[in-house]
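**Q** What shape does this take:
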Amino acid sequence: MSGELEIIEAPEKVLSENFVRDVFYIVINCGKMLLESGAETYRIEDTMLRIASSYGIENAQVFATPTVIIFSLNDYALTQTLRIEERANNLEKVVAVNELSRRISVGMPLDQALRRMEAIHDSRFFPFWLTILSGGIIGMMFLLLFDGVAADLPAAFVGGAGGVFVMEGILRYTKVKFFTEFFAALYIALTAIFFVDTGFGTMLDTIIIASVMPLVPGVLITNAIREMIRGHLMAGIMKGTEAALTAIAIGAGVGLVFLMI
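**A** Below is the predicted model:
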């Protein structure tokens, strides 16, 4: 005997095919919901890898951009490319998916995770009427923030709510975002001029600025900067470009009205 201790390697944990496919299904759908809800790409990649690792699946790879997710489980020959065509700002759904990820990390069973993921996917956190109402309230609040007068609050409410209504309504027929913000800003400028000309409004510029605030891509600009700081240059450039086009569309809509009068 040589006197040396022989190290016996622990047997690898074998996961069933159905189990792996269920985990794959959860991970890819969580990433899809995060990207569609406006989450940062680094958050999406980290969440997807954490969920896979929590269920014992290592050597997973994910690549996310604002328009596509590529997810692979290299040890199980599973790969899927998912194209994302619709994106919005739904931070409540982002929070819900993050909370699911945390529960999975502390031992949430797979069947419960499946049911919870599908419930989040099917849920509608913001009804259409609430979105429109929120646009009007935002317009009024920004009017006060910009030292507007109380007499202009109805104009700011109608402008903000109507702008969101026009934007969401056009999105049902076309996915070209430039046109949605353009026509929404056009409506807001016309509404503000109508209120001022009829004597129901006083400060035209303040009404317009406050009413277009629900259209301003504040979350998109913030995410673009955060992506750049974290080193996700492609995602940062794409989101920054989208934010710039949105700002141009808003300015073009308002500017066209002033050119016409």
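
**Q** buried set for the helix or strand hosting Val164?
**A** Val164 is part of helix 153-171 when elements are defined by DSSP states H and E. Residues of helix 153-171 classed as buried: 153, 155-168, 170 (neighbour count, 16 or more other Cβ atoms under 10 Å). Any C-beta I mention is one placed from the backbone N, CA and C, and that applies to glycine too.

**Q** Then stretch 219-227?
**A** Buried residues in stretch 219-227, defined by neighbour count with 16+ other Cβ under 10 Å: 220-221, 223-224, 226-227.

**Q** What mean pLDDT does the helix or strand that contains Phe183 get?
**A** Per DSSP H and E, Phe183 falls inside helix 177-197. Mean pLDDT, helix 177-197: 92.

**Q** can you list contacts of the following helix or strand past it?
**A** Next along the chain after helix 177-197, taking DSSP H and E as the criterion, comes helix 204-212. Helix 204-212 is contacted from outside by 139-140, 142-143, 145-148, 152, 155-156, 159-160, 163, 185, 188-189, 191-193, 195-196, 201, 250, 254, using Cβ atoms under 8 Å, 6 or more residues apart in numbering.

**Q** With stretch 22-34 instead?
**A** Counting by Cβ under 8 Å, 6+ apart, 43-45, 47-48, 51-52, 55, 57, 60, 62, 64, 69, 71, 73, 76, 78, 80, 82, 84, 93-94, 97, 100-101, 110, 113-114, 117, 120-121 sit against stretch 22-34.

**Q** Check stretch 173-181 too.
**A** In contact with stretch 173-181 (Cβ under 8 Å, 6+ apart) are residues 85-86, 166-167, 170-171, 215, 242, 245-246, 248-250, 253.

**Q** Arg103 is in contact with Ala113, correct?
**A** Yes. With contact defined as Cβ atoms under 8 Å, Ala113 and Arg103 form a contacting pair (7.5 Å).

**Q** between those two, which one's more packed in?
**A** Ala113 (21 against 15; other Cβ atoms under 10 Å).

**Q** Could you chop this structure up by domain?
**A** As given by automatic domain parsing, the domain ranges for the chain are 17-122, 128-260.

**Q** circling back to that earlier point, on contacts alone, who are the packing partners of the helix holding Val164?
**A** Helices and strands touching helix 153-171, by 3 or more Cβ pairs under 8 Å, 6 or more residues apart in numbering; DSSP states H and E, are helix 128-145, helix 177-197, helix 204-212.

**Q** Out of those, flag the one nearest Ala235.
**A** Ala235 lies closest to helix 177-197 among the helices and strands packed on helix 153-171, at 17.1 Å (Cβ to Cβ).

**Q** The nearest residue to Glu17 once chain neighbours are set aside: what's it in contact with?
**A** Nearest non-adjacent residue to Glu17, counting by Cβ to Cβ, 6 or more residues apart in numbering: Tyr76, 8.0 Å away. Residues near Tyr76 by Cβ under 8 Å, 6+ apart: 17, 20, 24, 57.

**Q** Report the helix or strand with the lowest average pLDDT across this protein.
**A** Using mean pLDDT, DSSP states H and E, the weakest-scoring helix or strand in the chain turns out to be helix 218-229, at a mean of 87.
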